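Trainee: I would like the atomic coordinates for the input below:
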Amino acid sequence: MTDHGHHRAGRSIALIGYRGSGKTAVGRELASLTGLPLIDTDELVIRRAGLSIAEIFDRQGEVEFRRLERAAVAQAVAGPPSIISVGGGAVLDDRNVAALKSSATVVWLTAPKSVLVTRIRGDQSSPQSRPPLTDRPLEDEIEQLLEERTPFYREAADHVLDTAGHNPASVAQLVKQQLDLDVD
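Mentor: Residues are numbered from 1 along each chain as shown. Alright, predicted model coming up:
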């Protein structure tokens, strides 16, 4: 358990991790537990671009997506305290990490590769919302990207939680306990 100190009141809580780790679902549960609004940076990008993420990658490329994502992260941290669910690759940009750490307690949701594969395969919206990032089979892609991204997640995280074997509601409870949140 990484624990870089307690969550301070008046700060946002940012959820980072690979797709399928449960950021959106846990974010929803945490928002209802804490009464804080939920901001999903992918949703902000989609609204701003008027395109799905797959379409942005397809028509404008990853560089443009990352630019939009940076703007979305900046927008999310500029507002009042929130639960911020962050796109899986956002941590690769140190500007995003700095922005998140300046105003949020960062929680890395992890899960073993087999769990991620199962969750991504079972997610009906996945093909539209989550473009493949390599031309490799899903298991290989996840393995490659986890290897690349894990050091970035580790560096960004104030807390680490393994979500395997937990539903989103119980993960939200674990976050609440670990951050010692005062929730009325």
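
Trainee: Let me know the distance separating the nearest residue in space to residue 21 that is not next to it in sequence from residue 174.
Mentor: Nearest non-adjacent residue to residue 21, counting by Cβ to Cβ, 6 or more residues apart in numbering: residue 109, 4.2 Å away. For every residue, glycine as well, the C-beta is placed using N, CA and C. Here residue 109 is placed at a distance of 10 Å from residue 174 (Cβ to Cβ, to the nearest Å).

Trainee: what do these two both touch?
Mentor: Shared contacts of residue 109 and residue 174 (Cβ atoms under 8 Å, 6 or more residues apart in numbering): residue 161.

Trainee: more crowded one of these two?
Mentor: Comparing residue 109 with residue 174 by other Cβ atoms under 10 Å, the one with more neighbours is residue 109, at 28 against 18.

Trainee: The helix or strand containing the more buried one pairs with which strands, parallel or anti?
Mentor: Assessed by DSSP states H and E, residue 109 sits inside strand 104-110. When pairing is defined by DSSP bridges, strand 104-110 lines up against strand 12-16 (parallel), strand 159-162 (parallel).

Trainee: what does that strand contact?
Mentor: Counting by Cβ under 8 Å, 6+ apart, 2, 7-8, 11-18, 21-23, 26, 77, 84, 100, 153-154, 156-163, 171, 175, 178-179 sit against strand 104-110.

Trainee: after it comes which helix or strand?
Mentor: Following strand 104-110 in sequence, per DSSP H and E, is helix 113-122.

Trainee: sorry, back to before: of the strands paired with strand 104-110, flag the one that's most buried.
Mentor: strand 12-16 (a mean of 27; mean count of other Cβ atoms under 10 Å).

Trainee: circling back: could you dump the strand holding residue 109 to CSV, C-alpha only?
Mentor: Output of strand 104-110 as CSV, limited to C-alpha atoms (Å, rounded to 0.1, in the frame of the first residue of the first chain):
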residue,chain,number,x,y,z
ALA,A,104,-6.3,16.0,-6.0
THR,A,105,-5.4,12.9,-4.0
VAL,A,106,-4.5,10.4,-6.7
VAL,A,107,-5.8,6.8,-6.4
TRP,A,108,-4.4,4.1,-8.8
LEU,A,109,-7.0,1.3,-9.3
THR,A,110,-5.2,-1.8,-10.4
